[in-house]
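Student: Sequence plus predicted model, see below.
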Amino acid sequence: MTSLQIPRPVYDALRAHGEETYPHECCGALIGTSSPEGWQVTNAVRAGNTRTDSAHNRYNIDPAELVKIQRDAMRQGLDIAGFYHSHPDHPAQWSLTDFAEAHWVGCVYVITSVARGHAGVTNAFLLAGTTEEDKHFEDIPITVR
């Protein structure tokens, strides 16, 4: 997979979500389909950040909420393409915590930097590899359509 294609309204919505939750991280799932060229996202589903200890720099999606999101996607013939979250007052680059907590190999992880309440750079990373031991993030371009 080499790219992430996302409709403008979905792209704008996930960035707005980061602004709305500032100074805490927002989070959600990206729904779509996979092709040899990459993921084609059709929707972003907002999720609650269950981290109460450090919501300003960590996120967690409740497993029950994630199961519901996946089941809803499957009913539409879609799948979870990946996840998005914001980095309040930090760059749109994955952190060691992001990497340690990423387990959906083949999915994309989208991060938006939100500086002083305003969305800035948005980057995408593919979690590549075949096992937990050889997983790694690869930068991938976002095509907004």
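Tutor: Arrived safely, thanks for sending. Residues are numbered from 1 along each chain as shown.
Student: mind listing what's buried in stretch 70-79?
Tutor: By 16 or more other C-beta atoms under 10 Å, the buried positions in stretch 70-79 come out as Gln70, Ala73, Leu78, Asp79. In short, each C-beta sits where N, CA and C put it, glycine included.
Student: Check these and tell me the two furthest apart.
Tutor: Greatest spacing in the buried residues of stretch 70-79, by C-beta to C-beta: Gln70 and Leu78 (9.6 Å).
Student: Now list whatever residues contact both of those two.
Tutor: Listed as contacting both Gln70 and Leu78 by C-beta atoms under 8 Å, 6 or more residues apart in numbering is no residue at all.
Student: ok, back up a step: could you dump the buried residues of stretch 70-79 to TSV with pLDDT?
Tutor: Compiled in TSV, the buried residues of stretch 70-79 are given as follows (pLDDT from 0 to 100):
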residue	pLDDT
Gln70	97
Ala73	98
Leu78	98
Asp79	96
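Student: Isn't His24 up against Arg58?
Tutor: No. Here His24 does not reach Arg58: they are 9.4 Å apart, not a contact under C-beta atoms under 8 Å.
Student: Take the buried residues of stretch 70-79 and keep only those in strands.
Tutor: Asp79 (DSSP state E).
Student: could you redo the buried residues of stretch 70-79 as a markdown table and give each row distance to Val114?
Tutor: Below are the buried residues of stretch 70-79 laid out as a markdown table (distance: C-beta to C-beta, whole Å):
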| residue | distance to Val114 |
| --- | --- |
| Gln70 | 27 |
| Ala73 | 26 |
| Leu78 | 27 |
| Asp79 | 27 |
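Student: Sort out which one of the buried residues of stretch 70-79 lies nearest Gly18 for me.
Tutor: Using C-beta to C-beta, the buried residues of stretch 70-79 come closest to Gly18 at Ala73, 21.8 Å.
Student: Kindly provide the distance from that closest one to Val144.
Tutor: 21 Å (C-beta to C-beta, to the nearest Å).
Student: Please apply the same query to Pro23.
Tutor: Pro23 sits 26 Å away from Val144, going by C-beta to C-beta.
Student: Trp39 too?
Tutor: Distance from Trp39 to Val144, by C-beta to C-beta: 13 Å.
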